[in-house]
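Visitor: fold the following for me, if possible:
(chains A, B, C and D)
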Protein chains: 2
Amino acid sequence: MTNSFDMLLDKARTSGIRLTPQRMELLRALSETTKHPTADDLYRHVKRILPSVTQATIHRNLQELVKAGLIATLERTGRPTQYDPTVDDHHHFVCRRCGRIFDVYLSHSEYRIDRRKSELGDASIDRFEIHFDGTCTDCLASR
Amino acid sequence: MTNSFDMLLDKARTSGIRLTPQRMELLRALSETTKHPTADDLYRHVKRILPSVTQATIHRNLQELVKAGLIATLERTGRPTQYDPTVDDHHHFVCRRCGRIFDVYLSHSEYRIDRRKSELGDASIDRFEIHFDGTCTDCLASR
DNA sequence: AAATCAGATGATAATAACTATCAAGTGATA
DNA sequence: TATCACTTGATAGTTATTATCATCTGATTT
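Guide: Got it, this is the predicted structure:
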């Protein structure tokens, strides 16, 4: 689910991570968006409240938050890492035209791996994430 | 399927892309591996045969080859782009322990999107790729 | 409430991967 | 074999991220 600010603070405390003002602002910013901001987006946001913050601090802290399981990341070709306040089981759709990302929730999924072609042996699979792409509603409408 | 060198040359010719020695060597290197080399891996490889080649040329050409549909890319968190000579419909498994990538083929798959939670509207989906992760056979054995 | 100190910060420099620019060179067609 | 649009190598620049380190500070202990 999407984490509220209070939930994130709780999680932060139980995970033992030290609660600095910089981290509080990051968590606040992340809890208030449904977008997938980059480190730089968040840097500019936090800088408005804590003008002396540096990009290094933002990067370091985002990585800490990911490590602590409070937020997730989303990686794309040639683009800066985006941070995702939603940590539950979901997937992503990327619009080929406008590049926007949409969260995707599945009500059902199943797959069968062709073990002969795949050379996976009996590897154990912990999780999977599906990356969809196509054209979003807005882009479909505007042409 | 995995492209052989001859198949790649054919595809290159029909796609109208100019066949320079640098591109030939890239195609040869890619056709001879089942791994997922980075631009730098390929640069070092091609440099052995064409010592004056530069990284810019490698990058430019890999992008041309991707654009022409001869090869595919694979993106991962904080790692350089990897190039994949296999362009047919397949997926990837990444081992959490050793980081190796394995191609995954599905004999069957289906999913149902929860449109209410997903805010996708009636976006049209062109394709999807599944990223699996877990522990590979070797890493399971070695502990 | 003050002392403690592991962990965090800001300043700064460095790195890695990629991209832009451009003069000179070259495949492929005519 | 002449032509020329496309490609190359050399080079510099960019962007996102990471490393280093002296100083500072949350949170636990006293």
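
Visitor: so where do the strands sit in chain A?
Guide: Counting by DSSP state E, chain A has these strands, from start to end: A:72-74, A:82-84, A:91-95, A:101-104, A:106-113, A:124-135.

Visitor: reformat these into a markdown table and put mean neighbour count, distance to B:Lys35 and mean pLDDT next to each item.
Guide: Glycine gets a C-beta too; all of them are placed from N, C-alpha and C. Putting the strands of chain A into a markdown table (neighbours: other Cβ atoms under 10 Å in any protein chain shown; distance: least, Cβ to Cβ, whole Å; pLDDT from 0 to 100) gives the following:
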| stretch | mean neighbour count | distance to B:Lys35 | mean pLDDT |
| --- | --- | --- | --- |
| strand A:72-74 | 17 | 25 | 91 |
| strand A:82-84 | 22 | 28 | 94 |
| strand A:91-95 | 20 | 26 | 93 |
| strand A:101-104 | 20 | 29 | 92 |
| strand A:106-113 | 13 | 20 | 96 |
| strand A:124-135 | 16 | 21 | 94 |
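
Visitor: between the ones you listed, which gets nearest to B:Asp89?
Guide: If you check each of those against B:Asp89 by Cβ to Cβ, strand A:106-113 wins as the nearest, at 12.6 Å.

Visitor: name every strand pairing with that closest one and say which way it goes.
Guide: With DSSP bridges as the criterion, the sheet partners recorded for strand A:106-113 are strand B:106-113 (antiparallel).

Visitor: show me what from chain A comes close to DNA strand C.
Guide: When proximity is defined as Cβ under 7 Å from any atom of the strand, chain A approaches DNA strand C at A:17-18, A:20, A:22-23, A:50, A:52-57, A:60-61, A:64, A:78.

Visitor: show me what contacts the residue nearest to A:Val104 when sequence neighbours are not counted?
Guide: If the residues on either side of it in the chain are set aside, A:Val104 comes closest to A:His91, at 4.2 Å by Cβ to Cβ, 6 or more residues apart in numbering or on different chains. Going by Cβ atoms under 8 Å, 6 or more residues apart in numbering or on different chains, A:His91 touches A:Asp103, A:Val104, A:Tyr105, A:Leu106, A:Glu129, A:Ile130, A:His131, A:Phe132.

Visitor: how does it look with 6 Å?
Guide: For A:His91, the contacting residues are A:Val104, A:Glu129, A:Ile130, taking Cβ atoms under 6 Å, 6 or more residues apart in numbering or on different chains as the criterion.

Visitor: again with A:Arg112
Guide: Shown in contact with A:Arg112 (Cβ under 6 Å, 6+ apart): B:Ser107, B:His108.

Visitor: and it, how far from A:Ser118?
Guide: Look at A:Arg112 and A:Ser118: by Cβ to Cβ, to the nearest Å, they are 11 Å apart.

Visitor: kindly report the same for A:Asp41.
Guide: Taken as Cβ to Cβ, the spacing of A:Asp41 relative to A:Ser118 amounts to 38 Å.

Visitor: give me the spatial nearest neighbour of the most centrally placed residue in chain A, chain neighbours excluded.
Guide: Closest residue to the average C-alpha location of chain A: A:Asp84 at 2.2 Å, with Cα atoms, centre = their mean. Closest residue to A:Asp84 apart from its sequence neighbours, by Cβ to Cβ, 6+ apart: A:Ala72 at 4.4 Å.

Visitor: can you put the strands of chain A in CSV and add distance to A:Asn3?
Guide: Output for the strands of chain A, formatted as CSV (distance: least, Cβ to Cβ, whole Å):
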stretch, distance to A:Asn3
strand A:72-74, 10
strand A:82-84, 10
strand A:91-95, 17
strand A:101-104, 13
strand A:106-113, 20
strand A:124-135, 18
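
Visitor: which of those sits closest to A:Lys11?
Guide: Comparison of these against A:Lys11 by Cβ to Cβ identifies strand A:72-74 as nearest, at 12.9 Å.

Visitor: how about the residues of chain A by chain B?
Guide: Chain A has residues A:75, A:77, A:93, A:102, A:104-112, A:114, A:117-118, A:120-126, A:128-137 near chain B, with proximity defined as Cβ under 6 Å from any Cβ of the partner chain.
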